[in-house]
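A.B. asks: Sharing a model prediction with you, sequence too.
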Number of protein chains: 2
Amino acid sequence: MPWNDSLQGFFSPSTITVIGASVKNHWFGNLVHYCRRLGFQGNIYPVNPGAAEVCGLPAVSSIADLPEGLIDFAAVIVRSSLVLETVRALADRNIKNVLLVSSGFSEVEGDGERLQGELVALCRERGVRLMGPNCLGFLNVARGTGAFVGGSVEGEIIPGDIGIVGQSGATSEVLATKMLKKGLGISLFISSGNEAVISFEDCLEYMIGHGETRVVAGFIEGFRDGRRLKEIALEAARRRIPIVVLKVGRSEKGIQAARSHTGAIAGNEMVTGAFLRQYGIIRVETIEELVETAGILSRCPLPAGDGLAVCTLSGGLAGLYADLCASLGIRLPDLSPDSIVALKGALPPFARPGNPLDVTGSGFTTGMERVLRILLEDGNTDIIATLSFPPGPGTEEMLSAHNEYILSQLPSAGKPVIALTFREVSEYARKFYHDRGLYYIEHTRDGFKAIGNLIEYARFQRRFAKRIAGAESS
Amino acid sequence: MPWNDSLQGFFSPSTITVIGASVKNHWFGNLVHYCRRLGFQGNIYPVNPGAAEVCGLPAVSSIADLPEGLIDFAAVIVRSSLVLETVRALADRNIKNVLLVSSGFSEVEGDGERLQGELVALCRERGVRLMGPNCLGFLNVARGTGAFVGGSVEGEIIPGDIGIVGQSGATSEVLATKMLKKGLGISLFISSGNEAVISFEDCLEYMIGHGETRVVAGFIEGFRDGRRLKEIALEAARRRIPIVVLKVGRSEKGIQAARSHTGAIAGNEMVTGAFLRQYGIIRVETIEELVETAGILSRCPLPAGDGLAVCTLSGGLAGLYADLCASLGIRLPDLSPDSIVALKGALPPFARPGNPLDVTGSGFTTGMERVLRILLEDGNTDIIATLSFPPGPGTEEMLSAHNEYILSQLPSAGKPVIALTFREVSEYARKFYHDRGLYYIEHTRDGFKAIGNLIEYARFQRRFAKRIAGAESS
């Protein structure tokens, strides 16, 4: 892999030039805006032959006029017919980290495909590390730098340990926004586009290796290199970094859409599915499931087994959760006889201990610490999902006390403890859960699917550990 | 059915007494609070033997001391052992509309079941219309009255045409809250509890008949009377009022939970499923799907066929939607050759017209009116789901123009037009969509499931109309 050694530099620009910067397109303004949101400390040099300044920043009229030896990164947003000469001029000035935003390449049959071929040859010849074309760039949240031209990543940019890489720009923006709205933190966010040079696999390998990412979330239309993906997946498994992907192309129309978009080959669905399962890559069906699965993996330890205990205050919800777990293949083990006896002592006389556990409305007003401890100490349970009242500035004391108790249990628990929120989750509550590293379920089905994926990944890791141990002893 | 004629009075109290009103439990305070939120114009008389006032309202020391001939409704929140004498005393004062909140009846084996038996006999003997026990009451939003003791229905109470009835109090509160947060309006919301006297079927029949409800959403643990349910479902079909239910008991643990909760018999799953399908009752799996399905049915006309056209600005999203439709069994028909030609004229040269339609990012900046008209006029399409930018006070003009165009098409379209939101939906946007009666998709899978349910219900209505026509002509 020729580029990966130097991707560290690519993803950490300190001084950026933007070729084709203009007030007429949104891209330059967006780039400056995101740099500010990231706390970027470096300088930005717009290049525009006809303007003295762009968006308040002094402009340079050509690449040749850029200051010597200062600039380590260029974003290119000129029209496709000018791209080759631009990349050549940049290489002449020894600027070899290039983000190519422009479209009109392999996603356009004929001329566009030919142009992309010439671009690849040029980059190879001159050693240019190029991201794109037809992409939005990246936000390196962990390092406070980036070059991102999209306009739709909303919400506070929260630093964290989830890496995101998406082949579709718009979809990636939706994904990143939902991640942030859920209060989840991001290490590095990449929109990789047509991947003429830097591929999905390159981004993945970089994320697995660079130490700031603990979970990878990917939106994929097609893989470029199966053999390499396998090696990267094995390394990720060794480092216990889960990879979660939403891959388009489960249907005929989905495959068509992927092909005419970034030019990726969606591949044979059956083969892809089996391949992903074998290498522990978790596959999800929607953006929301991708967010929830990355979220639970980012915030919870891996469970030792697959038994889930659910605790709620309503028989209706208990029934609903039971049905949902059955349909998603999540096991709700019977509680041990000791736990049943202990729960009878802890709950109102009319409560009937079981799993799911309905402590009844009055049960929730008192003694929940004891109930939660019983569930945690039960040898049959591996994960606990328990009702939580999303806190707010005006939350009643009892409810807050319960939340605090859940939290205090986390470090000693070993078992994942998940908050099943009752009532709506406010911005205040999202921040509360985020600050305490607590995974919470807001949308029932997505949340339980995430639990199922957590269980599945833990199972894969147990199998993988055995395989490694077997290989070492033989 | 002995009660239904008089349920109109039951659900429209003008003067309410509350037996067992006390500052010590939350119920009375909640009831007063919801009456205020509903704009209730009548008086509330708390009955408490030891207090001159409760929550600022002058109290009466016993039922015997209540004013004569003024009170048409009583809420009872005394402990279960005092319930029989309380109901008797109310009947003596000719107060025969009773909401019984207290628990400790059929949901408690043995003593509780016996007590409920005695309660039913007493109500029959004295002609008492009783809701509960073990319930939270109701909000009659359409009439600005109600008696509701729960504490967790959040958000602005929006009047509308969706009726909600739930056997589980807490679950019903979650359901109503999610409905309101989505910006959907409610006609009547009922938490029916153990249904000792007034049953789910009674509530359903009332909603179908009273003219203010156009869609019913139910959370059910068990039906009481299959024969009657069938008659009500047929009447609902005649009036084109869809009934959507979330029924617990698809799993063994779900059935157990339902049984130990409100004492309902979940019934044989296979039989239930076939029965619901036959009578056009739509079944969903989660609260979120229930909200979305009721929402789409409340806001969209029934489509004439089952062909969905999807329009978006991203190839990635197009692929995702295609896969989702395939997995949910939603048909994406090919567009007609005329439409393809017309779209080629309307879109940028590199766009490739199809269904899903990716107009590309630049396509969305101009000419979307023309594109949407082409999709609407295509004979192969029956429903249009098109990307919408949720409006905000600061929304760019182009995006607003597009939203306004979608809206202007609705009355003349005949075909349902659905907004597929890109970016997060703010309170502002929810209100915007609500005020214009536009159904919008926020959560992808739930939204497409709702489209599938809309198609399925329209199909049922076509079959039903044929059956009626056949019966009339023979």
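C.D. replies: Structure received. Computed from a predicted model, the values in this text were never measured in an experiment. Residues are numbered from 1 along each chain as shown, chains lettered A, B, ... in the order given.

A.B. asks: contacts and neighbour counts: CA atoms only from here.
C.D. replies: Noted.

A.B. asks: mind saving the C-alpha coords of stretch A:211-226 as CSV?
C.D. replies: Provided in CSV are the C-alpha atoms of stretch A:211-226 (Å, rounded to 0.1, in the frame of the first residue of the first chain):
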residue,chain,number,x,y,z
GLY,A,211,-5.1,5.0,17.8
GLU,A,212,-7.9,7.6,18.1
THR,A,213,-10.7,5.4,16.7
ARG,A,214,-12.3,2.6,18.7
VAL,A,215,-15.2,1.9,16.4
VAL,A,216,-15.5,2.4,12.7
ALA,A,217,-18.8,3.2,11.0
GLY,A,218,-18.9,2.9,7.2
PHE,A,219,-21.3,3.7,4.4
ILE,A,220,-20.3,1.7,1.4
GLU,A,221,-21.4,1.2,-2.2
GLY,A,222,-18.7,-1.2,-3.1
PHE,A,223,-15.4,-2.5,-1.8
ARG,A,224,-12.3,-2.0,-4.0
ASP,A,225,-10.0,-4.7,-2.8
GLY,A,226,-11.4,-7.8,-1.0
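
A.B. asks: any idea how far the residue in the stretch 1-150 of chain A that chain B sits nearest to is from B:Pro356?
C.D. replies: Ranking the residues of the stretch 1-150 of chain A by distance to chain B (CA to the nearest CA) places A:Val108 first, at 5.8 Å. To B:Pro356, A:Val108 is 18 Å away according to CA to CA, to the nearest Å.

A.B. asks: Settle it for me: which of those two has more neighbours?
C.D. replies: Between A:Val108 and B:Pro356, counting by other CA atoms under 10 Å in any protein chain shown, B:Pro356 is the more crowded of the two (28 against 21).

A.B. asks: State the phi and psi torsions of the more buried one.
C.D. replies: phi -60, psi 150 (degrees, to the nearest 10).

A.B. asks: cool, and A:Gly163?
C.D. replies: Dihedral angles for A:Gly163 - degrees, to the nearest 10 - are phi -100, psi 140.

A.B. asks: need the contact list for it.
C.D. replies: Residues near A:Gly163 by CA atoms under 8 Å, 6 or more residues apart in numbering or on different chains: A:Ile186, A:Ser187, A:Leu188, A:Phe189, A:Met207, A:Thr213, A:Arg214, A:Val215, A:Val216, A:Ala217.

A.B. asks: quick one, what contacts the first one?
C.D. replies: With contact set as CA under 8 Å, 6+ apart, A:Ile186 has these partners: A:Val141, A:Ala142, A:Ile157, A:Ile158, A:Pro159, A:Gly160, A:Asp161, A:Ile162, A:Gly163, A:Ile164, A:Leu180.

A.B. asks: Show the pLDDT at A:Gly280.
C.D. replies: At A:Gly280, the model reports a pLDDT of 95.

A.B. asks: Please tell me how far it sits from chain B.
C.D. replies: 22 Å (CA to the nearest CA, to the nearest Å).

A.B. asks: ok, that residue touching A:Ala236?
C.D. replies: No: if you go by CA atoms under 8 Å, A:Gly280 and A:Ala236 don't touch, sitting 9.2 Å apart.

A.B. asks: Check the contact lists of those two and give me the overlap.
C.D. replies: A:Pro242, A:Ile243.

A.B. asks: Pop the domain breakdown of chain A in here.
C.D. replies: A:1-136, A:152-299, A:301-442 (automatic domain parsing).

A.B. asks: can I assume A:Pro46 sits in a strand?
C.D. replies: Yes: A:Pro46 sits within a strand when classified using DSSP: H, G, I helix; E, B strand; the rest coil.

A.B. asks: I'd like to know how many residues surround it.
C.D. replies: A:Pro46 has 29 neighbours, counted by other CA under 10 Å.

A.B. asks: Then A:Glu68?
C.D. replies: Neighbours of A:Glu68 using other CA under 10 Å come to 9.

A.B. asks: Leaving out the residues flanking it, which one is nearest to it?
C.D. replies: Spatially, and ignoring its direct neighbours in sequence, A:Glu68 is nearest to A:Arg93 (7.9 Å; CA to CA, 6 or more residues apart in numbering or on different chains).
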